[in-house]
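>>> give me coordinates for this.
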Amino acid sequence: MTQHMQQVEAFAGQVVTDVAATLSGVMTNVGHKLGLYKGSSRITGEGRTDL
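Next comes the predicted model:
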């Protein structure tokens with residue numbers, strides 16, 4: 001594999017990592033706004049292990 005292809009693959013890998021991190025932040029924000037974390041904090045005992 002040429003050095004150019006290695007650089008392209010490294011760049012593509014970084015792009016995928018950055019997009020995944022961005023989407024994770026967006027999904028966390030959406031979950032917070034929908035109250036999913038507040039709802040899950042009320043679950044106690046056996047219910048938590050079912051999640």
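
>>> what number of residues lie near E9?
11 (other C-beta atoms under 10 Å). C-beta here means a position set from N, CA and C on the backbone, and glycine is covered the same way.

>>> give me the pLDDT for it.
The score at E9 is 97. That number is its pLDDT.

>>> secondary structure element for it?
Using DSSP states H and E, E9 sits in helix 3-34.

>>> and S40, what element?
Residue-wise, S40 maps onto helix 36-41 under DSSP H and E.

>>> show me what counts as buried in that helix.
Within helix 36-41, no residue counts as buried by 16 or more other C-beta atoms under 10 Å.

>>> quick one: mean pLDDT for it?
76.

>>> try stretch 26-33
Mean pLDDT, stretch 26-33: 93.

>>> which outside residues touch it?
Stretch 26-33 has contacts (C-beta atoms under 8 Å, 6 or more residues apart in numbering) with Y37.

>>> ok, 10 Å please
Stretch 26-33 is touched from outside by L36, Y37, K38, G39, S40, with contacts defined as C-beta atoms under 10 Å, 6 or more residues apart in numbering.
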